[in-house]
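Novice: I need the structure of the sequence given here:
(2 chains)
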Protein chains: 2
Amino acid sequence: MIKEYYGAETFILNKDFAYILVIGTTDVSLIPGLTIAGATPELTHFTPAADAEYVLLGKCKSINTIPVSPTGIPTPALLTRASLSFINPLKIVVNAGSRILPKIPYIDLQGEPGKDIRKQALSMEKVNNIIENSIKLGEELSNEYELIMIGESIPAGTTTAMATLLALGYDAMDKVSSASPDNPKELKRKVVEEALRNLPTDSLQRLAKVSDPVLLGVAGTSLGFKGKILLAGGTQMTAAAAIINEFDKNKLKDITIGTTKWIVEDKFADMLSLAKQVGVKVLASMLDLSISAYEGIRAYEKGYVKEGVGAGGSAIMALVRGVSNNTLVRKIDELYGELVGSNNLHI
Amino acid sequence: MIKEYYGAETFILNKDFAYILVIGTTDVSLIPGLTIAGATPELTHFTPAADAEYVLLGKCKSINTIPVSPTGIPTPALLTRASLSFINPLKIVVNAGSRILPKIPYIDLQGEPGKDIRKQALSMEKVNNIIENSIKLGEELSNEYELIMIGESIPAGTTTAMATLLALGYDAMDKVSSASPDNPKELKRKVVEEALRNLPTDSLQRLAKVSDPVLLGVAGTSLGFKGKILLAGGTQMTAAAAIINEFDKNKLKDITIGTTKWIVEDKFADMLSLAKQVGVKVLASMLDLSISAYEGIRAYEKGYVKEGVGAGGSAIMALVRGVSNNTLVRKIDELYGELVGSNNLHI
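Specialist: This next block holds a predicted model:
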């Protein structure tokens, strides 16, 4: 129920671990049509804070219910919380730069929200803050853990990931996934091509121009951590891995991407090509949500949402620990049922 | 080398633990003559951030060197870093409300800096933020740890502690310690008496009036945590324990204060009376700094500084793990020597 690519192995995951959720926003998500990680473009800026609140508290505080797509498909934070409920790891929310701050305790990297990559995503000062502070965070976590899992929440993060991969020299055009079954490739390409004009030569300055706070926070935490790392996310995590490799050529041996089958099987993207180019191992949870009682959950099997908030990696962690597909889906349905019972969620 | 009071036992400390440093400021520290936890009243507001930076990084970023008293006695963060260097626990800095933010990754409780307790220390909104978020933090830490140690850094914190204890009905007047060998008791009493006028009846509102963000953050983290807790600090921690007891009458059985001999033997205060009144156990490190090569360190034996940043609790943790007094003092001298070598510190 877990597929392995490029030499990835699951046995390293049988250790006590911490779940790190790096959140942030990019103004790219405000471009209409680019992302469905929020009911409207403006609401996408609430999604990371609300995701973090839901994973930690089981309810959201920054918005009334959990984040949903425009057609009401629920956030993958639901899958993450369900999977982690069988493990109960320490969960740490890390704010790399979110316009909306979650109403929970979180670690602040003293970054800033990502601005439009067609102009300039981040100031060099904030890039340095995010990287320095996240490296230190990773170092500290090494005092307790030999394994961490890092998830992300940043709407439109696949677009900034594509820009980042291209800026670092990878063949990434049209290869990143989308939370939508209809990947808005032309729009993404147009935004990214504009962002890549007149790139500086220095790679840190390139990242400041076209990247986002979350990619930098994920990369920095990984660079500082001394043990094994599961990067829990989709094509975005190949961009994080590319940044890691840019600063430490010896680090990817300790890193595996953990994602979902909906990402690796996505016909409108090419996760495995990106991972191969960057040189990072991949695990994919083969979680089958077609047996869910809810249409909103079964929609994942039709290519909606696919990944986010560390959903794939969290499912892998649960499956590795002997939780069955049935048990996990029952838990997801139970959590979703609680929300549907108390809110007007589309089901 | 560790003294036990009121049934305190050291065997509970032989577990993997996290070191939590709660920082914040109170404008009470700006009153001239009240605290020596900073070279000038204004600089006291940099002390918590600089303490946190020093413990995590081994150097300060918010100020050029480590915090010192007006006569150059170094911060107890030095003792803390030395003690923890033998253990390497995960260190988590928690900002409950500091005017100066440390340039390191820290957990934010979404509190606010404490204002003058003669007017109103904190808004109820921020009191609720600090308590809710720190309870959640404590709960999360329970997923990984059965033991945590909580230290504090807040100049003039003994004054707000005295006000807090009195507001909660304890006989605390003149019983709190001071970082100075000459405890400015009359000034403290005057400030506290003014703060206690026209107190509201509700205990949370009383705390909002005369307390500080750090006491609330320490109490909340303790209330949320499910295992054993070492409150690493002096008379301030009796106030934190009093707040804990106000909200959960069954919690103090899991809590021990870990402090220094300079606190329990302080003739100008009465730590043990306060602990007895509140009903909290106490351990005191009998660390002997008279063998230090530096006058600035030996000054602790003359009643300077005494405690802070979890110095007493950290020494206890090191001593319990078999580190000798000699080894610990050598480490303190080594760290201080590095600083003295590169800065104009008074020695």
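Novice: now the helices for chain A?
Specialist: A:47-57, A:77-84, A:124-142, A:157-167, A:185-195, A:203-210, A:213-224, A:235-247, A:261-264, A:271-278, A:295-298, A:311-320, A:325-342 (DSSP state H).
Novice: who wins for proximity to B:Leu79 among those?
Specialist: helix A:124-142 (19.7 Å; CB to CB). Where you see a C-beta, it was placed from the backbone N, CA and C, and this is true even at glycine.
Novice: which residues touch the closest one?
Specialist: Applying CB atoms under 8 Å, 6 or more residues apart in numbering or on different chains, the contact partners of helix A:124-142 are A:18, A:20, A:22, A:94, A:96-97, A:107, A:109-112, A:122, A:148, A:204-205, A:207-208, A:213, A:216-227, B:56-57, B:90-92, B:103-105.
Novice: mind listing what's buried along it?
Specialist: A:126-142 (16 or more other CB atoms under 10 Å in any protein chain shown).
Novice: contacting residues for the residue nearest the centre of chain A?
Specialist: Of all residues in chain A, the one closest to the mean position by CA atoms, centre = their mean is A:Glu152, 3.2 Å from it. By CB under 8 Å, 6+ apart, the contact set of A:Glu152 is A:21-23, A:214, A:218, A:232-233, A:236-237, A:240, A:308-310.
Novice: what's the pLDDT at the residue of the stretch 151-300 of chain A found nearest chain B?
Specialist: Residue nearest to chain B within the stretch 151-300 of chain A: A:Thr221 (9.1 Å; CB to the nearest CB). Looking at A:Thr221, its pLDDT is 98.
Novice: burial count for it?
Specialist: Neighbours of A:Thr221 under the rule other CB atoms under 10 Å in any protein chain shown: 34.
Novice: how about it, what does it touch?
Specialist: Counting by CB under 8 Å, 6+ apart, A:Thr221 has contacts A:20, A:22, A:94, A:134-135, A:137-138, A:141, A:148, A:150.
Novice: let me have those residues in CSV, extended by pLDDT and distance to B:Met1.
Specialist: CSV is the format used below for those (pLDDT from 0 to 100; distance: CB to CB, whole Å):
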residue, pLDDT, distance to B:Met1
A:Ile20, 98, 38
A:Val22, 98, 43
A:Val94, 98, 39
A:Ser134, 98, 39
A:Ile135, 98, 37
A:Leu137, 98, 34
A:Gly138, 98, 35
A:Leu141, 98, 32
A:Ile148, 98, 36
A:Ile150, 98, 42
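Novice: of all those residues, which comes closest to chain B?
Specialist: A:Leu137 (4.3 Å).
Novice: and that closest one, how far is that from A:Leu252?
Specialist: Noted for A:Leu137: a distance of 20 Å to A:Leu252, by CB to CB, to the nearest Å.
Novice: can you check A:Leu199 too?
Specialist: 24 Å.
Novice: burial count for A:Thr260?
Specialist: That count, for A:Thr260 with other CB under 10 Å as the rule, works out to 30.
Novice: among A:Leu199 and A:Leu252, which residue is more densely surrounded?
Specialist: A:Leu252 (18 against 15).
Novice: contacting residues for the more buried one?
Specialist: Going by CB under 8 Å, 6+ apart, A:Leu252 touches A:241, A:244-245, A:278-280.
Novice: drop anything exposed from these.
Specialist: A:241, A:244-245, A:278, A:280.
Novice: pipe these into CSV and attach distance to B:Leu339 per row.
Specialist: Shown next, in CSV, are these (distance: CB to CB, whole Å):
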residue, distance to B:Leu339
A:Ala241, 39
A:Ile244, 34
A:Asn245, 37
A:Val278, 42
A:Val280, 41
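Novice: adding distance to B:Val323, write the helices of chain A out as TSV.
Specialist: Formatted as TSV, the helices of chain A follow (distance: least, CB to CB, whole Å):
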stretch	distance to B:Val323
helix A:47-57	36
helix A:77-84	37
helix A:124-142	21
helix A:157-167	46
helix A:185-195	54
helix A:203-210	41
helix A:213-224	27
helix A:235-247	36
helix A:261-264	49
helix A:271-278	44
helix A:295-298	54
helix A:311-320	36
helix A:325-342	45
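Novice: closest one to A:Leu13 among those helices?
Specialist: helix A:311-320 (4.9 Å).
Novice: do you know the pLDDT at the residue nearest to A:Tyr5 when sequence neighbours are not counted?
Specialist: Distances taken as CB to CB, 6 or more residues apart in numbering or on different chains put A:Val282 closest to A:Tyr5, at 4.1 Å, once the chain neighbours are dropped. The model reports A:Val282 with a pLDDT of 98.
Novice: likewise for A:Ser342?
Specialist: Predicted confidence (pLDDT) for A:Ser342: 58.
Novice: how much space between A:Thr80 and A:Lys302?
Specialist: A:Thr80 is 20 Å from A:Lys302, by CB to CB.
Novice: next, count neighbours for A:Gly217.
Specialist: 31.
Novice: excluding residues flanking it in the chain, which one is nearest it?
Specialist: A:Ala96 (3.4 Å).
Novice: which residues of the stretch 101-250 of chain A lie near chain B?
Specialist: A:101, A:103-110, A:129, A:133-134, A:136-137, A:140-141, A:143-144 (CB under 8 Å from any CB of the partner chain).
Novice: rerun that using 7 Å as the cut-off
Specialist: Within the stretch 101-250 of chain A, the positions near chain B by CB under 7 Å from any CB of the partner chain are A:104-109, A:133-134, A:136-137, A:140-141, A:143-144.
Novice: name the helices or strands packed onto the least confident helix or strand in chain A by mean pLDDT?
Specialist: Each helix and strand of chain A was given a mean pLDDT (mean pLDDT, DSSP states H and E); the minimum falls on helix A:325-342 at a mean of 92. Packing partners of helix A:325-342 (3 or more CB pairs under 7 Å, 6 or more residues apart in numbering or on different chains; DSSP states H and E): helix A:77-84, helix A:295-298.
Novice: just to revisit the earlier point, can you lay out the contacts of A:Glu152 as TSV showing neighbour count and distance to A:Leu187?
Specialist: Output for those, formatted as TSV (neighbours: other CB atoms under 10 Å in any protein chain shown; distance: CB to CB, whole Å):
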residue	neighbour count	distance to A:Leu187
A:Leu21	27	27
A:Val22	36	25
A:Ile23	28	24
A:Val214	35	21
A:Val218	32	25
A:Ala232	34	27
A:Gly233	34	22
A:Gln236	31	17
A:Met237	38	22
A:Ala240	32	23
A:Gly308	30	19
A:Val309	30	24
A:Gly310	35	26
